[in-house]
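Q: below is the sequence, then the predicted model.
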Amino acid sequence: MLATSTRFQSFGQEEAAVTKPEVKAKEEKQGSKEARRAMIEKSTVFEALMSHIQNALETPALQSAALQLLRRVLLRNRVLNAAVYECIDAIGDIMITGSDKRTAQQCAQIFVDFMLDYPHEHKAMQLRITHLLKNLGYAEEGGRRAALNCLYLVVLHFPEVELSTKWGSLIFAATAARLPQ
């Protein structure tokens with residue numbers, strides 16, 4: 001009986017030794033599948049969150065909360081997603097067309113933080129800065145002030161080298177052209 005149990009134990013150990021690499025391979029394969037699934041779920045959840053934020057931005061009563069949530073999401077995640085860029089473009093419009101001064105200030109801060117923290121192609125950055133410069137001539141005074149305030153934040157926070165080599169002449173020439181004569 002003792003011999004049988006010893007033989008059984010050694011057989012079990014050999015079997016375990018043979019299956020350990022196979023088990024590890026299965027676990028790694030399942031782990032990579034789970035990681036991929038988690039990444040897709042996270043992306044889907046993020047896109048849904050951005051969609052809800054974008055919908056809330058269209059409702060004046062929810063704008064302040066949506067802006068605060070967007071700011072937290074942008075600062076923490078730094079996810080490169082088309083929905084983020086679309087939301088920022090919507091914020092650029094809300095900043096100019098909105099009637100609330102506090103909302104315009106929040107939008108300007110988020111807009112500038114986004115331009116500083118997220119990667120942009122030269123053309124995309126130029127479009128965002130040009131959007132601000134065009135709105136220096138907006139029909140309502142609040143929109144003109146919001147655009148000017150955002151440009152002030154750009155000048156204040158952008159790196160000096162980038163401002164002087166890329167955007168400084170464009171910003172200052174357009175701003176000077178708007179001065180009263």
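A: Cool, got the structure.

Q: would you list every one of the helices in this protein?
A: 2-57, 63-77, 82-97, 101-117, 122-134, 141-157, 160-162, 168-177 (DSSP state H).

Q: tabulate the CA atom coordinates of the fourth one in PDB.
A: Pointing back at helix 101-117 there. Output of helix 101-117 as PDB, limited to C-alpha atoms (Å, rounded to 0.1, in the frame of the first residue of the first chain):
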ATOM      1  CA  LYS A 101     -18.700  84.400 -18.000                       C
ATOM      2  CA  ARG A 102     -17.800  81.600 -15.500                       C
ATOM      3  CA  THR A 103     -18.500  78.900 -18.100                       C
ATOM      4  CA  ALA A 104     -16.400  80.800 -20.700                       C
ATOM      5  CA  GLN A 105     -13.500  80.900 -18.300                       C
ATOM      6  CA  GLN A 106     -13.800  77.200 -17.600                       C
ATOM      7  CA  CYS A 107     -13.900  76.500 -21.300                       C
ATOM      8  CA  ALA A 108     -10.900  78.600 -22.000                       C
ATOM      9  CA  GLN A 109      -8.900  76.900 -19.300                       C
ATOM     10  CA  ILE A 110      -9.800  73.400 -20.600                       C
ATOM     11  CA  PHE A 111      -9.100  74.500 -24.200                       C
ATOM     12  CA  VAL A 112      -5.600  75.700 -23.300                       C
ATOM     13  CA  ASP A 113      -4.800  72.800 -21.100                       C
ATOM     14  CA  PHE A 114      -5.800  70.500 -23.900                       C
ATOM     15  CA  MET A 115      -3.600  72.300 -26.400                       C
ATOM     16  CA  LEU A 116      -0.700  72.100 -24.000                       C
ATOM     17  CA  ASP A 117      -1.100  68.500 -22.800                       C
END
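
Q: just how off-centre is that helix within its chain?
A: 13 Å (Cα atoms, centre = their mean, to the nearest Å).

Q: what does that helix contact?
A: For helix 101-117, the surrounding residues in contact (Cβ atoms under 8 Å, 6 or more residues apart in numbering) are 63-64, 67-68, 70-71, 74-75, 78, 84, 88, 91-92, 94-96, 98, 125, 128, 142, 145-146, 149-150, 153-154, 157-158. Every C-beta, even on glycine, is put in place using the N, C-alpha and C of the backbone.
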